[in-house]
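Structural data only, the sequence is not supplied:
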């Protein structure tokens, strides 16, 4: 099994040259198994989330309309939607109300009772497409006859062709170059399906490339920001199409706080009920843990749940209170585990205090108690063949990808630490339906 998995990494070139030093992870013969009932559950969740995003997009269109210039809760929505978002996107977020992410990524956790819970709804991120493909290739190499999902690249290819394009462009910012190996995995998978895929960075982009065509997304540029003018102008003229439209707020964690409305704002609740189907909003709320937007213009220290602000860590005795509800502080716009602070961290209270003084850049969320799982992996042996190990202490993040509302793919990232993210000690698993 090890040789079979290793061949997949060689074929995809994920560890080619020096890449293994930066992109290493444990090879695993395990797969993540979901039942037919869970497949149906996740399918229904995808439809409900899309309804919610459609309502939020409509709210953004009104909030960003300068002629209306509504105040009150509309001002707050503008601020939440703009937090951490480059200025070039501000006007775009209120345009093309019906355009939603045709590639949607949702990060789920499995709680202590085995139930799915939403950790993040990401409607503005192309990352993970290559790793989902890698997980599928691992699964396919070991269990080719297993029932599985169609794959995000396959469904995107169908969508691109339906729009009449023969090329998809992956345009990435210079600070995204770490993800180039996974972009190339996706590129190779598109090629297998007969679709041309161009991969290029802002540093090598030619203006002509940005004047027309279908792009996965519009990345946050830092060096050649003048390129915005060309591609945004083409987008407004309809010459450029995005699989993931330039609406970064649809990937902000603050959206979870808006949808939950745990602060019980009656005006916000009225808007949510008016613009989102009631059954879809209720379904999504069941999956999102208790969540608050914190900051000087949101929920302040005095208005937070009492348990969140109570001392839970005795610095003198070095003891943590485990009988209290646990929380996690998350930066609204962040990547992976960056900007994530658990209440078990001794600095949590001071970090939460600082977040309450910010301009709504953070959310406070009830921590999902991640259910440990049993997985296997190959451990490098000293001067010998890799050794297969199995333990019951793996924690996982279940990343679900939807393409045009359809459940497209599932990949699991697991670590033996509750801070689950891609790392040298993680495993990447594909999924099968049982």
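Noted; the coordinates are in hand. Being a predicted model, the structure only gives us computed values, none of them experimental. Numbers count the residues shown, from 1 in each chain.

Using the three-state scheme, assign residue 346.
coil (DSSP: H, G, I helix; E, B strand; the rest coil).

measure it to residue 46 for me?
Residue 346 sits 39 Å away from residue 46, going by C-beta to C-beta, to the nearest Å. Any C-beta I mention is one placed from the backbone N, CA and C, and that applies to glycine too.

before we move on, what about residue 396?
On the measure of C-beta to C-beta, residue 396 and residue 46 end up 19 Å apart.

now residue 266
For residue 266, the distance to residue 46 - C-beta to C-beta - is 29 Å.

Residue 291 now?
Taking C-beta to C-beta, one finds residue 291 at 20 Å from residue 46.

Among the two, which residue is more densely surrounded?
More crowded of residue 291 and residue 46, by other C-beta atoms under 10 Å: residue 291, with 25 against 21.

Look up the pLDDT of that one for me, please.
Turning to residue 291, the model gives it a pLDDT of 92.

what's it in contact with, if anything?
256, 257, 260, 262, 363, 364, 365, 366 (C-beta atoms under 8 Å, 6 or more residues apart in numbering).

Need phi/psi at it.
phi -140, psi 140 (degrees, to the nearest 10).

again with the one 4 residues further on
Backbone torsions of residue 295, given as degrees, to the nearest 10, read phi 150, psi 170.

Quick check, pLDDT for the nearest residue to residue 244 once chain neighbours are set aside.
Excluding the flanking residues, the one nearest residue 244 by C-beta to C-beta, 6 or more residues apart in numbering is residue 217, at 4.0 Å. With respect to pLDDT, residue 217 scores 96.

Packing partners of the host helix or strand of residue 351?
For residue 351, the host element (DSSP states H and E) is helix 348-355. Judged by 3 or more C-beta pairs under 8 Å, 6 or more residues apart in numbering; DSSP states H and E, the packing partners of helix 348-355 are helix 306-309, strand 327-331, strand 340-342, strand 362-366.

for the stretch 101-250 of the chain, what are the low-confidence residue spans?
Within the stretch 101-250 of the chain, no stretch has pLDDT under 70.

Give me the contacts around stretch 130-137.
Residues from elsewhere that reach stretch 130-137 (C-beta under 8 Å, 6+ apart): 8, 11-12, 14, 148, 151-153, 179, 181-186, 189, 399, 401, 409-413, 422, 428-431.

The closest residue to residue 182 other than its chain neighbours - how many residues pack around it?
The spatial neighbour of residue 182 that comes closest, neighbours along the chain excluded (C-beta to C-beta, 6+ apart), is residue 130 at 2.7 Å. Per other C-beta under 10 Å, the neighbour tally for residue 130 reads 25.
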